[in-house]
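Trainee: Test case, fold it:
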Amino acid sequence: MSSKPLVLAVIPARSGSKSIRDKNIRVVGGKPLIAWSIEQALQSKRVGRTIVSTDSEQYAEIARQYGAETPFLRPKEIAGDEATDLELFLHALQWLKEHEGYVPEICVHLRPTCPVRKAGAIDELVHILQDCPDLDSVRTVTEVLHPPFKMWYRSENGLLSPVAPLPHVKDPWNEPRQRLPQTYIQTANIDVVRASVITGKRSMTGDRIYGYVETGFFDIDTEAELEKAATAMQPAVAQQPARAPSGSCVGSNQRKTYCFDIDGVIATLTENNDYSKAKPRAEMIDRINRLHAAGHEIILFTARGSATGIDWRSLTDEQMRQWGVRYHKLVFGKPAADFYFDDRMMSLEDLDVHLGKNPGHNEANSI
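Mentor: Residues are numbered from 1 along each chain as shown. Okay, the predicted model is just below:
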């Protein structure tokens with residue numbers, strides 16, 4: 001028997017979405033939405049098989065065109081609005097065992113509605129589960145901006161009761177957010193679980209769950225979210241070297257490090273250092289995302305809070321997530337000043353040359 005665990009990626013793609021008709025095959029970034037998850041699974045070094053579970057032959061044909069297997073069509077009774085992940089995985093595992101004798105050790109759950117994934121993240125999550133036999137599953141999470149300790153249930157008579165009381169802390173809902181424990185929410189981007197947990201415990205997570213923290217994600221359920229994802233997916237095309245712009249360093253194998261200030265570069269400047277009112281600069285974010293997609297290291301830095309002592313990290317993290325900024329590191333601690341000088345300062349024209357495009361004429365001269 002091979003010592004290499006059998007890893008199966010399952011991509012659910014039912015056809016009956018009501019929020020966006022045919023959501024899973026809508027074209028985003030030049031491809032059907034489902035194609036992004038298929039290609040990411042196929043690029044994984046640890047995934048052995050990639051299967052799409054769908055109730056539609058049309059969807060199945062599209063999935064096969066992009067390299068996925070569709071050995072079965074999912075029964076209608078587990079393809080409705082109330083169908084659960086557990087039902088579709090139990091069906092897939094049972095069908096594969098009965099018809100092929102195939103029993104994977106690890107299952108990777110990739111939802112088409114989360115098309116933006118960090119390169120290599122699938123392998124990282126699988127590796128964690130393989131190296132930790134005491135874990136049942138690994139799933140992606142991100143920091144919550146608003147802690148549950150300040151949330152309430154409201155009864156019929158209007159009285160409030162806390163959603164998440166905090167042991168050893170009196171009235172946590174009255175405490176400053178910075179004093180409360182950091183909490184996380186699942187992103188539904190990547191879930192990795194042992195097949196034995198699904199079939200034996202009848203659970204998609206089990207009891208011991210490791211949280212893999214990421215800084216941003218997309219979960220498409222509305223037309224507005226679809227449009228936002230389409231914008232974010234544009235630079236992802238640059239990850240495919242054959243499609244890199246002619247004469248650009250985007251396709252180069254040489255990894256570079258780019259540092260970007262947030263305010264005045266990624267975000268608009270605000271009065272009185274009220275960064276909650278900052279707005280994204282879409283064209284600059286597009287440039288940054290293209291560099292990130294090409295494999296370069298992106299570092300964001302900011303002086304937020306240096307002068308006032310206010311902690312802007314949670315807000316900044318949330319803004320970068322909402323604006324779809326792709327980066328590797330966010331650095332706080334830049335000294336507050338009126339002017340900055342840098343011997344490696346790059347103009348937008350220089351940056352556009354790195355991206356293989358003509359310099360713009362309607363933006364600031366430097367970053």
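
Trainee: what stretches of the stretch 201-350 of the chain score poorly on pLDDT?
Mentor: Applying pLDDT under 70 to the stretch 201-350 of the chain flags the ranges 216-218, 229-254, 335-350.

Trainee: domain parsing for the chain?
Mentor: By the assignment in automatic domain parsing, the chain contains the domains 7-143+183-225, 145-181, 241-355.

Trainee: most tightly surrounded among these?
Mentor: Each of the domains of the chain was scored by mean neighbour count; the highest is domain 7-143+183-225, a mean of 18, by mean count of other C-beta atoms under 10 Å. (Each C-beta comes from the backbone N, C-alpha and C, glycine too.)

Trainee: gap between the two ends of that one?
Mentor: In domain 7-143+183-225, first residue to last residue: 31 Å (C-alpha to C-alpha, to the nearest Å).

Trainee: for it, the distance to its chain's centre please.
Mentor: Counting by C-alpha atoms, centre = their mean, to the nearest Å, domain 7-143+183-225 is centred 13 Å from the centre of its parent chain.

Trainee: ok, now which ones touch the nearest residue to I262 once chain neighbours are set aside?
Mentor: Spatial nearest neighbour of I262, chain neighbours left out: T302 (4.3 Å); criterion: C-beta to C-beta, 6 or more residues apart in numbering. By C-beta atoms under 8 Å, 6 or more residues apart in numbering, T302 lies in contact with 261-263, 312, 316, 330-332, 334.

Trainee: Let's have those in a markdown table, adding secondary structure and distance to L180.
Mentor: Below are the contacts of T302 laid out as a markdown table (DSSP: H, G, I helix; E, B strand; the rest coil; distance: C-beta to C-beta, whole Å):
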| residue | secondary structure | distance to L180 |
| --- | --- | --- |
| D261 | strand | 30 |
| I262 | coil | 25 |
| D263 | strand | 27 |
| W312 | coil | 17 |
| T316 | helix | 18 |
| L330 | strand | 21 |
| V331 | strand | 24 |
| F332 | strand | 19 |
| K334 | coil | 26 |
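
Trainee: for those, which one is nearest K150?
Mentor: Nearest to K150, judged by C-beta to C-beta, of these is W312 at 18.4 Å.

Trainee: residue boundaries of the helices in the stretch 151-300 of the chain?
Mentor: 195-200, 223-233, 282-293 (DSSP state H, counting those that start in this stretch).

Trainee: who does the first one touch, helix- and strand-wise?
Mentor: If I follow you right, that is helix 195-200. In terms of contacts (3 or more C-beta pairs under 8 Å, 6 or more residues apart in numbering; DSSP states H and E), helix 195-200 is packed against helix 85-100, strand 106-110.

Trainee: Dump the ones you listed into TSV; add mean pLDDT and distance to N189 as well.
Mentor: Listed next are the helices and strands packed on helix 195-200 as TSV, based on pLDDT from 0 to 100; distance: least, C-beta to C-beta, whole Å:
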stretch	mean pLDDT	distance to N189
helix 85-100	97	14
strand 106-110	98	8
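
Trainee: would you list the ones you listed in TSV and tack on distance to N273?
Mentor: Putting the helices and strands packed on helix 195-200 into TSV (distance: least, C-beta to C-beta, whole Å) gives the following:
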stretch	distance to N273
helix 85-100	44
strand 106-110	41
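
Trainee: who's in contact with P176?
Mentor: By C-beta under 8 Å, 6+ apart, P176 lies in contact with nothing.
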